[in-house]
Structures are given as C-alpha cells and as structure tokens.
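[1] Okay, here's the prediction I keep looking at, along with the sequence it came from:
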Amino acid sequence: MAKNVLDACISSIRDEGLSKNLLLASTAIVLAEANYFTQGLGMKLYSIPGSPQVPPTLTTADMKRVYAGTFVKSRGTRGMYDHLKAAPKNDVCPLCAQRTVSTLDHYLAQAIHPALTVVPLNLVPACAECNKLKLDYQPSSEVQQSFHPYFDDFDDAQWLVAEVLETSPAAVRFSVAAPPGWTATKISRATRHFEAFRLASLYASHAGVEISNIRYSLERVASFGTPEDVRLHLSDRAESARRAYPNAWQTATYQALAASVWFCSGGFRA
Ligand SMILES: [Zn+2]
C-alpha cells in the first residue's frame, strides 16, 4: 500500500521541507493509487493522464528525490523496496523471463506520473536491460501496454513458439502464437511485449547455446537408436520444460527441435 510507503518515507526523509510537502501530497498519492488499481483491473492504465506535479506542491524532481534518495536507500524503507524486488520466483525478471531482477521498473514512468513514483502497484521487478528498454515509455492504447505482472495473466496459454532454421549450425527462430480463446487485443499485447523487450534475439541466443550443449547427448541417443528416439528424447525435454513454465524459451525450443524431422535426422550435428 502507498500509505505504508509514504509514512515510512516521510519519517525517513532528512529534508524537513520535502518531508512536510510529501505529507501534504499523501492524499493525492493515495487517490492516484486507488485509481491505478481500478484502471489496472480494467487494463486501462494507458488512460491515466500524466501530470507535471503532485498536488499541492511536489514536482517530478521532488518525487525522484523521494524515490532514489529515500525509498531505495533509507534504512526505514529499504525493507519495502527489497520485498517488492524479491517477489519473482527464482529472482527471474517477469518481463523477459530470462535475466535476473536487479531493480524496480516504474510501469507508468515516474517522469510522466510523479504521483505514482512510490506506489507499490506501479513498481514492477525487472532486470536492468528490460528497465532500460522501457525508459519513459507511455502506452497510448490498450494494445501498447506491456505485461503487468500484478494485473495480467499471460501464462494461461502458450504464446511463445519457435521454428527450426535448417542452418549450420541449426538455429531457432521465435515468434508469438495466437492461443485459442485469446482476444485480438491480448495477442497484440503479447506481440508488442515480445518486440519491445527484444525477446526474439535474447531467446535465439540462448537457444543457440542450448543446441550446442545437447549435441553430444543427441549424438549418443542417435548412435544407439533412430531419429524417432532423438525425437522422443527432445519431446520429453519439451514436456518437462512446459510443465515448469509454458512460455519459457526452453519449452518452445525443445518443441521446435522435436517437431523438425531434419533436426532429429542429423540436423543437430552441423
Ligand atoms: Zn528482463
């Protein structure tokens, strides 16, 4: 809750003027949080208008000082910051599902929405790269909104898929599928998220390393069996990855490798 964060910040800020002004701005910030919650449930966060200040007197620069100077650093608030950051399982960034969390990303940018600067619902754990790719981006429609881990469920179906490129060495190309039952808006949002966070190149790179890593074991399976045995082996890995996380690049990679007759028949050797 923003109220808890505000109380802790107000008592931790050394600058008395800033502390007093933050206290005065508390009502506006708590109201902004309530509106954020409502708009978030309706996937309409893009409709929240930006503002250069938090009434009655705080500026965007003041709020950045509250965030960076107190919320992130102060002994009285650091526990809350760390708690938000530690939410993802295995410390994996919820935006790319690959790199580790190193910061909190302002889903709606603090430069545009100063009232949301310390609102926990607007603070999403992220890796440094995803945080950098987003910067002060402001979505202007529902389809332009990237995933919001507190409001969205994009893992109710498999949307990440891949296909094998018959190159030497073999490679994998990722794309966004259209899961049955998903609305056109949800598919567009997944596509936009996939593009904005440059997941195609990130995942292709990891898949390339994975293909090198399994070459020897596939060679062993093939030396005792047939391409069908290679396919079964890969298929088993795909299912194991899917059960752990349906939209992991590993799931899509192993599914694509298992589905490629070329790969199972020796394409893996190249
Ligand atoms: Zn990330």
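    Thanks, I have the structure now. Residues are numbered from 1 along each chain as shown.
[2] Run the chain-centre distance for stretch 262-270.
    33 Å (CA atoms, centre = their mean, to the nearest Å).
[3] got the contact list for that stretch?
    164, 166-170, 211, 214-215, 218-219, 222, 227-228, 230-231, 234, 257-258, 260 (CB atoms under 8 Å, 6 or more residues apart in numbering). For glycine as for every other residue, the C-beta is placed from the backbone atoms N, C-alpha and C.
[4] switch to 7 Å and redo it
    Identification of contacts with stretch 262-270 by CB atoms under 7 Å, 6 or more residues apart in numbering yields 164, 166, 168-170, 211, 215, 218, 227, 230-231, 234, 257, 260.
[5] Take those and keep only those in helices.
    Residues of the contacts of stretch 262-270 located in helices (DSSP state H): 211, 215, 218, 227, 230, 231, 234, 257.
[6] what's around the residue nearest to the fifth one when sequence neighbours are not counted, how many residues?
    When the adjacent residues along the chain are set aside, residue 230 lies closest to residue 264, with 4.3 Å between them (CB to CB, 6 or more residues apart in numbering). The local packing count at residue 264 equals 25, with neighbours defined by other CB atoms under 10 Å.
[7] So residue 141 sits against residue 44, correct?
    No. With contacts counted by CB atoms under 7 Å, residue 141 stays clear of residue 44, the gap being 9.9 Å.
[8] Quick check: neighbours shared by these two?
    With CB under 7 Å, 6+ apart, residue 141 and residue 44 have no common neighbours.
[9] hmm, back to that, closest to the ion among the ones in helices among the contacts of stretch 262-270?
    For the ones in helices among the contacts of stretch 262-270, the closest approach to the ion (CB to the ion) belongs to residue 211, at 22.6 Å.
[10] which non-adjacent residue is nearest that closest one?
    That would be residue 170: by CB to CB, 6+ apart, it lies 5.7 Å from residue 211.
[11] Next: residue 254.
    Per CB to CB, 6+ apart, closest to residue 254 is residue 238, 3.5 Å.
[12] Would you mind measuring from the one you found to residue 230?
    13 Å (CB to CB, to the nearest Å).
[13] Pick out whichever of the two has more residues nearby.
    Shown here are residue 238 and residue 230; by other CB under 10 Å, residue 230 has more neighbours (23 against 20).
[14] Return the residues in contact with the closest residue to the ion within the stretch 151-270 of the chain.
    Closest residue of the stretch 151-270 of the chain to the ion, CB to the ion: residue 197 (6.6 Å). Residue 197 makes contact with 95, 96, 130, 133, according to CB under 7 Å, 6+ apart.
[15] In helices, which of these appear?
    Short answer: the contacts of residue 197 in helices (DSSP H) are 130, 133.
[16] Least confident of the contacts of residue 197?
    Minimum pLDDT for the contacts of residue 197 is recorded at residue 133 (93).
[17] Quick check: pLDDT value at residue 97.
    On pLDDT, residue 97 comes in at 96.
[18] Which residues are in contact with it?
    Here residue 97 is in contact with 247, 248 (CB under 7 Å, 6+ apart).
[19] how much space between it and residue 88?
    9 Å.
[20] Quickly list what's touching both of those two.
    With CB under 7 Å, 6+ apart, residue 97 and residue 88 have no common neighbours.
[21] what pairs with residue 59 across the strands?
    For residue 59, the beta-bridge partners under DSSP bridges are residue 53.
[22] burial count for it?
    When neighbours are counted by other CB under 10 Å, residue 59 comes out with 13.
[23] okay, which residue is most central for the protein?
    In the chain, the residue lying closest to the centroid (CA atoms, centre = their mean) is residue 95, at 1.1 Å.
[24] quick one: contacts for that one?
    Taking CB under 7 Å, 6+ apart, one finds 126, 130, 146, 147, 197 in contact with residue 95.
[25] Not counting its neighbours along the chain, what's nearest the third one?
    Going back to what we said before, that points to residue 146. Nearest residue to residue 146 in three dimensions, chain neighbours excluded: residue 193, at 4.5 Å (CB to CB, 6+ apart).
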